[in-house]
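> Attaching a predicted model along with its sequence, questions to come.
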Amino acid sequence: MSFESPTPEKLRVGLVLMEVGRDARVIFANEPALEVAFAFEDLDGHTPHVVDAAGKPLAPHERPRSRAARGESFGPSLTRWKTDDGDVTLVVRCDSIAQDRRLAALTLVDVTAFSRSAEDSRAALAARDEFLSIAAHELRSPLNALLLTVHRLRLRVSPDGAASELGKLIDISERQIERLTSLVQNLLDVTRIRAGQLDLELEPQDLCQIVRDAAEALADQARAAGTQVTVVAREPLQGLWDGARIEQVVHNLLTNALKYGGGGRIEISLAREGAAARLAVRDHGPGVAEDDRERIFEPFKRLASTYKSQSLGLGLYIVREIVRAHGGSIAIEAPDGGGAAFVVRLPVTQEAAATATEQP
């Protein structure tokens, strides 16, 4: 079932004037207010179940009518009435409009359609995340089996036949399987992040070594793209981090730069900035439009700029969430000379640095 969300001009504001006191006599109510009269009157002694925005039931003395009768000013607050005809959600505000505080004005705005649309959206997102989780788990096993089969097939190809047509097909198959495996892993990470289950195994680490390892792992891909990757690190950068996750951050940023950086050069620089380690991955591509520099980290969004125009955008989303889980931040800068620089800042503790330095 779908619900049409009302536009602002369709919203009708109910207004109720009440006397403050035990009787709480209503002296005026306009038409929109009368449509939701249960919010300020007891109808035939029947009191609907009322909850707040968090779903917590409100006792009779906590409800808008009772609070207005006591002369309280409050709101705007989101309140839901569970009536025989279904749930109704109102934004309620109460103000005292007389110097002697003997008159209260209740304003009521029916936002039920907005609320239902939001609930539908949340349910759809939850269903999507569950589907992605199940699909990713189900895909992992056949992909692993397929990759193992291709590896075995390679062993049967003689060294002389490595450059043959069959050898080339095996190379292509391996690359595509690894690409699919990476996508499946990204989907699993997204579901973990959304479920609040991105666990970190923090240990003393050298960020410079992590970056060099990640760059070396992508060396073949960089050569194939005709891109020169340079790592600039003057000294070890020690910190308490999850090494595998930080390597994933570097891998995703470098992969992103190789894909969208326009070829040529990529510089990875590391430096200490006070109590933080600064990691920057800079490409010389078309750059990122200023309006896209926040949205680029959102998953499942397509941007007008070159970045993420043909991508699910999971890699950068995962980068941001891993960095945030470490208490760090990531931003995009537009360096002189063009391109884009993805700048990560990770907190460094003196204790972690000392421990890592003492390790043999």
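Yes, it's here.
> List the neighbouring strands of the helix or strand where residue 330 lies plus their orientation.
Using DSSP states H and E, residue 330 sits within strand 329-333. Paired with strand 329-333 in the same sheet, following DSSP bridges, are strand 341-347 (antiparallel).
> Keeping just the C-alphas, turn the partner strand into PDB.
In PDB, the C-alpha atoms belonging to strand 341-347 read as follows (Å, rounded to 0.1, in the frame of the first residue of the first chain):
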ATOM      1  CA  ALA A 341      42.700  14.500  -2.800                       C
ATOM      2  CA  PHE A 342      41.000  12.200  -0.400                       C
ATOM      3  CA  VAL A 343      42.300  13.100   3.000                       C
ATOM      4  CA  VAL A 344      42.000  10.800   6.000                       C
ATOM      5  CA  ARG A 345      42.900  11.800   9.500                       C
ATOM      6  CA  LEU A 346      43.200   9.100  12.200                       C
ATOM      7  CA  PRO A 347      43.800   9.800  15.900                       C
END
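> what's the offset of stretch 78-88 from the middle of its chain?
31 Å (CA atoms, centre = their mean, to the nearest Å).
> May I see the buried residues of that stretch?
78, 79, 80, 81, 88 (16 or more other CB atoms under 10 Å). Quick note: C-beta positions are derived from backbone N, CA and C, even for glycine.
> Am I right that the third one is in contact with residue 89?
Yes. Using CB atoms under 8 Å, residue 80 is in contact with residue 89, at 4.7 Å.
> Map the structural domains onto the sequence of this protein.
8-110, 120-194, 203-358 (automatic domain parsing).
> Touching the strand holding residue 330 from outside, list them.
Outside of strand 329-333, the residues within contact range by CB atoms under 8 Å, 6 or more residues apart in numbering are 280, 288, 293, 296-297, 319-320, 323, 340-345.
> Name the residues of that strand that come out as buried.
Buried residues in strand 329-333, counting neighbours by 16+ other CB under 10 Å, are found at 330, 332.
> mean confidence score for that strand?
Averaged across strand 329-333, pLDDT comes to 94.
> what residues does stretch 85-103 touch?
So stretch 85-103 is contacted by 17-21, 36, 38-39, 64, 67-68, 71-81, 104-112, 114-115 (CB under 8 Å, 6+ apart).
> wait, I meant stretch 240-254
Under CB under 8 Å, 6+ apart, the answer for stretch 240-254 is 200-205, 207, 210-211, 213-215, 217-218, 229, 266, 268, 279, 281, 315-316, 318-319, 322-323, 325-326, 342, 344, 346, 348-349, 351-352, 355.
> from the middle of its chain, how far away would it be?
Mean-position distance between stretch 240-254 and its chain equals 18 Å (CA atoms, centre = their mean).
> Let me see the mean pLDDT of it.
On average, stretch 240-254 scores 94.
> And stretch 144-163, what's buried?
Judged by neighbour count using 16+ other CB under 10 Å, the buried positions of stretch 144-163 are 146, 147, 150.
> measure the spatially most central residue of the chain to residue 146 for me?
Geometric centre of the chain, nearest residue: residue 298, 6.0 Å, by CA atoms, centre = their mean. Distance of residue 298 to residue 146, computed by CB to CB, to the nearest Å: 31 Å.
> before we move on, what about residue 193?
27 Å.
> again with residue 333
41 Å.
> Check residue 324 too.
For residue 324, the distance to residue 146 (CB to CB) stands at 34 Å.
> on that earlier part again, looks like the residue nearest to the centre of the chain contacts residue 317 (just checking).
Yes. If you go by CB under 8 Å, residue 298 and residue 317 touch, sitting 6.4 Å apart.
> Doesn't residue 278 belong to a strand?
Yes. Residue 278 forms part of a strand when assessed by DSSP: H, G, I helix; E, B strand; the rest coil.
> Begin at 19, not 1, for the rest of this chat.
Let's use 19 as the start, then, which means that last one is residue 296.
> How many residues are close by it?
Counted with other CB atoms under 10 Å, residues neighbouring residue 296 total 17.
> ok, how many other residues are close to residue 243?
Neighbours of residue 243 using other CB under 10 Å come to 18.
> sorry, back to before: return the subset of the buried residues of stretch 162-181 lying in helices.
Members of these lying in helices (criterion: DSSP state H): 164, 165, 168.
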